[in-house]
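>>> Have a look; sequence and predicted model below, questions after that.
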Amino acid sequence: MTLSDDHDSPFTLGSLRTTASHTIGIPHLIELLRIVPADAAHERYREAVVDQNVLGRPTQTGRQRSFRHLRELYFLDPARREFAAMRRLWDAEPYARPLLAGTLAFTRDGILRASFQAIQHAAVGSIVTSADLTKAVTAVYGTQLSEETLGKTGRNTGACWTQTGHLAGRVKKVRQMVEPFPAAVAFAAYLGHLAGNRGASVLDTPWAALLDLPPGAGLDALRAAHTQGLIDLLVAGDVVDVSFPIFDGSRG
C-alpha cells in the first residue's frame with residue numbers, strides 16, 4: 001500500500017524502500033528537531049539541513065541527500081498528521097524519541113517493516129544477524145530486489161533496529177526488549193486511530209507491535225498514556241473509548 005500525499009487522505013502504510021540504501025537516521029532526526037522549533041513550517045527543516053548544514057555534511061550533495069531521506073521517512077511537515085503528532089510527543093518524553101521515530105519510519109518504509117519479522121520472532125537475548133534480516137526482507141520482496149541490494153538491507157535494517165533500541169551491540173546484534181514509553185504508546189495508538197481502529201483495538205496494529213507489549217497489556221499501556229495526559233481514555237465495562245485531544249483534528 002502507498003501513503004498518499006493528500007494531508008486528509010485515509011491513513012495507509014507506505015511503500016518506500018529507503019532502507020535499501022540507508023538507515024533511518026534517528027541520530028540526525030534528533031539533532032534536527034533539537035535545532036528547529038516545534039512550531040516551524042516545513043521550509044525551515046530544509047533550510048536547516050541544506051542551507052545551514054546543521055547535520056555537518058561535508059558536501060552540498062550530501063546535505064540534499066540527508067534532507068531527502070529524512071523527509072521521505074518523517075515528512076518534516078507539520079501539515080502531515082503523523083509528523084505533527086510525533087513532534088507534539090517529542091518533548092513529552094525524551095527517552096521515547098528513538099521509538100517514536102522508529103514507529104514513523106516503520107510506517108513509511110516497506111523494507112523496514114519486512115525486516116521486523118526477524119526482530120519480532122527473536123527471543124530476548126538471542127543474536128539477530130544480517131542474514132536473518134535479509135531472509136525476512138526476501139520473504140516479502142523476493143526477486144524484486146537484487147542479491148546485492150538484499151545484502152545491504154540486512155546491514156542497514158540491523159543498524160536501524162539498533163537505533164530504535166530493539167537490538168544492542170555493534171558487531172553481534174542482540175535482541176532486547178524496548179520500554180513501551182507512554183509517549184510511544186500514545187503515538188502508536190494515534191496511528192491506529194488514523195487507520196480506522198477504535199477502542200482498545202487502536203493497539204491492534206502492525207506498528208503497535210514495535211512496543212514489545214506483553215499479551216493483554218494494551219489496556220494498561222493506554223492507561224499509562226492517559227495518566228500522563230497524552231490521550232483520553234474511558235473504560236466502562238467492556239466499552240473502551242480512546243481519543244486524542246492533544247492532536248488537532250484527531251477526535252472522532
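Arrived safely, thanks for sending.

>>> Was I right to think R17 contacts R113?
No. With contact defined as C-beta atoms under 8 Å, R17 does not count as touching R113 (10.8 Å). (Glycine included, C-beta is placed from N, CA and C.)

>>> mind listing the helices for the stretch 1-150 of the chain?
26-35, 42-46, 60-74, 81-90, 97-108, 110-120, 130-141, 147-164 (DSSP state H, counting those that start in this stretch).

>>> Which one of the ones you listed lies nearest to H193?
H193 lies closest, by C-beta to C-beta, to one member of those: helix 81-90, at 9.8 Å.

>>> Mind giving me the packing neighbours of the closest one?
helix 97-108, helix 182-194 (3 or more C-beta pairs under 8 Å, 6 or more residues apart in numbering; DSSP states H and E).

>>> Helix or strand next in line after the longest one, which one?
The one in question is helix 182-194. Using DSSP states H and E, the helix or strand that follows helix 182-194 towards the C-terminus is helix 218-227.

>>> before we move on, the earlier item: for the helices and strands packed on helix 81-90, which one ends up most surrounded?
Sort the helices and strands packed on helix 81-90 by mean neighbour count, taking mean count of other C-beta atoms under 10 Å, and helix 182-194 sits at the top with a mean of 27.

>>> That helix versus helix 218-227: what angle between them?
If you take axes from the mean of the first three to the mean of the last three C-alpha atoms, to 10 degrees, helix 182-194 sits at 110 degrees to helix 218-227.

>>> CA-only coordinates of helix 182-194, as PDB, when you get a sec.
Output in PDB follows, covering the C-alpha atoms of helix 182-194 (Å, rounded to 0.1, in the frame of the first residue of the first chain):
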ATOM      1  CA  PRO A 182       3.600   6.200  27.300                       C
ATOM      2  CA  ALA A 183       4.500   8.700  24.600                       C
ATOM      3  CA  ALA A 184       5.300   5.800  22.200                       C
ATOM      4  CA  VAL A 185       2.100   4.100  23.200                       C
ATOM      5  CA  ALA A 186       0.100   7.300  22.500                       C
ATOM      6  CA  PHE A 187       1.700   7.600  19.100                       C
ATOM      7  CA  ALA A 188       1.100   4.000  18.100                       C
ATOM      8  CA  ALA A 189      -2.500   4.400  19.300                       C
ATOM      9  CA  TYR A 190      -3.000   7.600  17.300                       C
ATOM     10  CA  LEU A 191      -1.700   5.900  14.100                       C
ATOM     11  CA  GLY A 192      -4.100   3.000  14.800                       C
ATOM     12  CA  HIS A 193      -6.900   5.600  15.200                       C
ATOM     13  CA  LEU A 194      -5.900   7.200  11.800                       C
END
